Structure formats: C-alpha cells, structure tokens
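Q: A structural model of the following input is requested.
(one chain, ligands or ions: 2)
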Amino acid sequence: MLVAPSILAADFTRLAEEIRAVEAAGADWIHCDIMDGHFVDNISFGPAIVGFVRKQTKLPLDVHLMIEHADHYVPRFLDAGANSITVHVEPEAKHDVGKTLQQIRDAKCRVGLTLNPETDFKLVEPFLDKIDMLLVMTVHPGFGGQSFRPEQMKKVKRLAEWNETRQHQPSRGYGLASKIDIEVDGGINPESARISIENGANVLVAGTSIFKTNDYAKAIRDLRGGP
Ligand code: DX5
Ligand code: ZN
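A: Ligands and ions are numbered 1, 2, ... in the order given. Okay, the predicted model is just below:
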C-alpha cells in the first residue's frame, strides 16, 4: 500500500518543512495537484513549484494534471522532475489522450490516466494497455476537503478484475509491468482508505487527512489501517 500526501493541503508558507515532515512520517510519493482554472474551477501551482518540491525530497513526485492541453505542458513537468504524470481522459481536457500517454512514456516517466466521478469507465478502457496507473477520482477535482464518493468503487473493482485477467501475462508490452497501479484521490481518510483497499486500490492520495492533523506519522499509519 502506497501513501501519496497531496501538498495542496500543506502550509505553503512552510512548504519545504511540510515535505520533509511527510517524508519522515513514512510517505511513499508526493502528490502534486496541478489546476489551470479551465479544466477545473481552481488554480493551484505549476512547474516552478514542482521543481522546488523536487529539491526538497528524493521521494517520487506523482504529478496530477487537471489542465487543458496537457501535451503542451508535459515537457515542463518532466524538466521539473516528475516521476509519474497523470492526465485526464475527458474531452474537456483538450488533448489527444493516446499521444500524450506516449509522450510521457517516451520520456521514461510513469504513465497515469484518470477520470472524473461523472466519467464512464468505458472512456479509459482503450488505454489500459498503455498505462502504469489508473487514478480513480473519488471527488470531483478542483478542491481538497470534499467527501469521498463510494459509488466510484465500482471503477476500482473493474480495474482490479482487469488486473486479475492480466495476472499470467509477464508483460503488456512497452516494458510495462503486468498490473496497473490503482490510485484513489479525494476524501481519503482511514475509513474511505479501508473501503478503497478492500475494493482493490493500492495507492492512496490524501491531503486533508494528513496535513490538517498534528501527527503526520499517525495519519499515514491510520490510512494504511495499521496500528
Ligand atoms: C482534488 C485533488 C486531490 C485533493 C485531495 O482535486 O486531485 O488530490 O488534493 O484532497 P483531500 O484529501 O483533501 O480530499
Ligand atoms: Zn490529485
């Protein structure tokens, strides 16, 4: 089980300290939420901040692009030090999804694809052979601190089943591992983490339930369901 704190909920006046604190507390990845004010109704931060985060930690940077024209910005996030880049499948994201996934793969970066709660799983199906990770949004993207949407677990389940059918295949081509990581993002707390894990998720993104507590190590342990 991997835990990826979303720095969207961190105290930006002490960002370096916050990153070091979650690393010391047992975080596996650092999740960076990029919002452009077009694809989602909020603006967060861009490649310069991701580059700054890169200098603070050796942990993999998991970059979630909630932006239009991701293909145009992917090179800048690669330069900033992203280890995985996740893009949206919705037509409103205004890019050629297959081409953008290949662009990320060609840069030897981990390839992620994601879908909003309202988006049918069918849209991601044609790309499952081409990705390392599927991010199932468990809130509508744009803001931290929203409530988990349990009905999204049907997508987690479908992907977990898909992974099972691939179990006996050593590789899906492109040098990919045979199983796709299943990441959940939005409203993840110890209870929704447990539900997500039960349904087959293996990467938990969490902002509020880590950064808005006083004990990051305990918060991360609680998400893993352990003592
Ligand atoms: C939502 C973002 C999430 C968000 C999660 O638009 O993609 O990563 O930061 O925040 P919490 O954990 O507070 O729901
Ligand atoms: Zn995110």
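
Q: which SS class is Gly112?
A: Secondary structure, DSSP: H, G, I helix; E, B strand; the rest coil: Gly112 is strand.

Q: Mind listing the residues bridging to the residue nearest to it when sequence neighbours are not counted?
A: Once flanking residues are discounted, Gly112 sits nearest to Thr86: 3.0 Å by Cβ to Cβ, 6 or more residues apart in numbering. Every residue, glycine included, has its C-beta placed from N, CA and C. Counting by DSSP bridges, Thr86 forms beta bridges with His64, Gly112.

Q: what's the answer for Pro5, then?
A: Ala206.

Q: wait, it sits on Ala24?
A: No: contact between Pro5 and Ala24 fails when scored by Cβ atoms under 8 Å: they sit 11.7 Å apart.

Q: about what we covered before: which residues are in contact with the residue nearest to Gly112?
A: Asp62, Val63, His64, Leu65, Gly112, Leu113, Thr114, Met133, Leu135, Glu183 (Cβ atoms under 8 Å, 6 or more residues apart in numbering).

Q: ok, and which of those residues reach ligand 2?
A: Restricting those to those touching ligand 2 (Cβ under 5 Å from the ion) yields His64.

Q: Considering the contacts of Thr86, which is situated nearest to ligand 2?
A: His64 (3.7 Å; Cβ to the ion).

Q: Distance check, the closest one against ligand 1.
A: Remark: distance between His64 and ligand 1 (Cβ to the nearest ligand atom, to the nearest Å) = 5 Å.

Q: Cool, thanks, talk later.
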